[in-house]
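A.B. asks: Prediction below, plus the sequence it came from.
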Amino acid sequence: MYVICKDLSHLSNKKASKLIINIFDQYKGPPDEILVYFVASKESVGKTNIEGNEFVGSYYTHSNELEVWPNSKNKKRVIKIKWK
């Protein structure tokens, strides 16, 4: 699944959890083993090798973690998502 957004770094842990919950509230399909790619533009949708600042973040259902700026050593952040 792909979500287009410019930045996730401003999100608090609580807001990040709300974002993921809202995305999955809209998802229709089996809820297991889903990887959400957060990309900066529609040109990156469908790619699995996303480079640089195009790769804003990712969320994987089994780790239950939102990884922000995974390609940046300085900006990288991992947020544990809390479900309701």
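C.D. replies: That came in fine, so what should we check first?
A.B. asks: and the spatially most central residue of the chain, what is it in contact with?
C.D. replies: The chain has residue 58 as the residue nearest its centroid, 3.3 Å off, counting by C-alpha atoms, centre = their mean. By C-beta atoms under 8 Å, 6 or more residues apart in numbering, residue 58 lies in contact with 35, 36, 37, 38, 66, 67, 70. Any C-beta I mention is one placed from the backbone N, CA and C, and that applies to glycine too.
A.B. asks: Just the residues you listed: which are in helices?
C.D. replies: Assignment to helices by DSSP state H places none of those there.
A.B. asks: Return the member of the residues you listed nearest to residue 44.
C.D. replies: residue 37 (7.7 Å; C-beta to C-beta).
A.B. asks: just to revisit the earlier point, how about the residue nearest to the centre of the chain, secondary structure?
C.D. replies: strand (DSSP: H, G, I helix; E, B strand; the rest coil).
A.B. asks: related to what we said a few turns ago, top of the contacts of residue 58 by neighbour count?
C.D. replies: The most crowded member of these, judged by other C-beta atoms under 10 Å, is residue 38 (26 neighbours).
A.B. asks: so that one touches residue 53, yeah?
C.D. replies: No - taking contacts as C-beta atoms under 8 Å, residue 38 lies outside contact range of residue 53: 11.7 Å.
A.B. asks: Do you know the pLDDT at residue 31?
C.D. replies: On pLDDT, residue 31 comes in at 69.
A.B. asks: Nothing else from me, thank you.
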